[in-house]
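coordinates only, sequence not included:
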Ligand SMILES: [Zn+2]
């Protein structure tokens with residue numbers, strides 16, 4: 001079976017983690033929550049920790065990689081896939097060498113091809129991914145300072161996409177956040193505004209056959225689901241029914257990403 005199953009345990013600046021089922025294997029994407037939170041939320045969709053053999057890391061900020069997991073990964077023999085440029089930081093966060101599976105380019109996971117795409121975010125950057133079973137393609141991108149053309153060039157022929165939609169610019173401007181934090185978020189090396197996100201989704205949707213659009217990393221302080229909903233209704237109304245907005249505090253619904261008609265031709 002080539003379909004993918006995906007759900008988000010939670011997403012935002014206090015923690016990010018998602019699960020993707022490839023064939024019968026659950027792969028964790030980022031591990032930013034405590035073990036207790038993670039286990040509780042996994043239970044929503046009947047997934048247990050011992051069903052996860054691999055973790056794929058976007059980057060090592062604390063909200064995506066909680067070092068509390070290092071010991072558990074070692075004890076359970078979990079493989080942690082991360083880009084070779086992130087290895088030194090993973091080691092210093094306490095991840096044992098035995099768990100680290102570095103990649104440089106495309107790698108394979110349970111028969112699927114995983115294509116990393118490097119994007120700007122703080123000092124080391126972050127990695128977006130395309131998971132491709134050969135029949136079903138799913139892209140995930142979060143914590144991007146901006147959407148580079150090379151990402152759009154790769155995010156094509158997708159059946160589903162999970163994409164950051166971090167903040168509303170006027171809420172950001174009007175917030176009481178320090179000016180340095182505002183500019184770190186908005187200067188092209190931090191996070192994506194709703195407008196930047198929907199512009200990218202419009203582009204991706206035109207080159208894909210999307211069944212699901214999952215919006216990640218919504219700022220609690222500087223975003224609102226009502227603003228995003230209005231933006232989609234005004235700009236991408238025909239796709240609004242495919243949108244799933246994620247939350248920091250609860251698990252998303254379970255999304256099944258099937259092989260689309262277009263990609264089987
Ligand atoms: Zn983050």
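Structure's in. What do you need? Because the structure is a prediction, the values reported are computed rather than measured. Numbering: from 1, shown residues only.

what about the nearest residue to residue 217 once chain neighbours are set aside, how many residues close to it?
Distance criterion Cβ to Cβ, 6 or more residues apart in numbering; nearest residue to residue 217, sequence neighbours excluded, is residue 164 at 4.7 Å. For the C-beta atoms, the positions are set from N, CA and C on the backbone; glycine is no exception. Using other Cβ atoms under 10 Å, residue 164 has 27 neighbouring residues.

Okay, and the beta partners of residue 164?
Per DSSP bridges, the residues bridged to residue 164 are residue 216.

Write out the residues of the protein neighbouring the ion.
63, 143 (Cβ under 5 Å from the ion).

Show me the shaky parts of the chain.
The model of the chain has pLDDT under 70 over residues 1, 121-122, 261-265.

switch to 90 and redo it
1-2, 120-125, 145, 169-190, 221, 258-265 (pLDDT under 90).

So which residues of it form helices?
Secondary structure of the chain (DSSP state H): helices at 35-43, 69-76, 87-92, 149-154, 169-174, 179-186, 194-206, 225-235, 261-264.

want to try a markdown table for those helices, with mean neighbour count and distance to residue 51 as columns?
Formatted as a markdown table, the helices of the chain follow (neighbours: other Cβ atoms under 10 Å; distance: least, Cβ to Cβ, whole Å):
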| stretch | mean neighbour count | distance to residue 51 |
| --- | --- | --- |
| helix 35-43 | 17 | 8 |
| helix 69-76 | 16 | 11 |
| helix 87-92 | 15 | 23 |
| helix 149-154 | 14 | 29 |
| helix 169-174 | 14 | 39 |
| helix 179-186 | 14 | 35 |
| helix 194-206 | 19 | 30 |
| helix 225-235 | 14 | 31 |
| helix 261-264 | 11 | 28 |
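
and residue 117, which of these is closest to it?
Residue 117 lies closest to helix 149-154 among the helices of the chain, at 5.2 Å (Cβ to Cβ).
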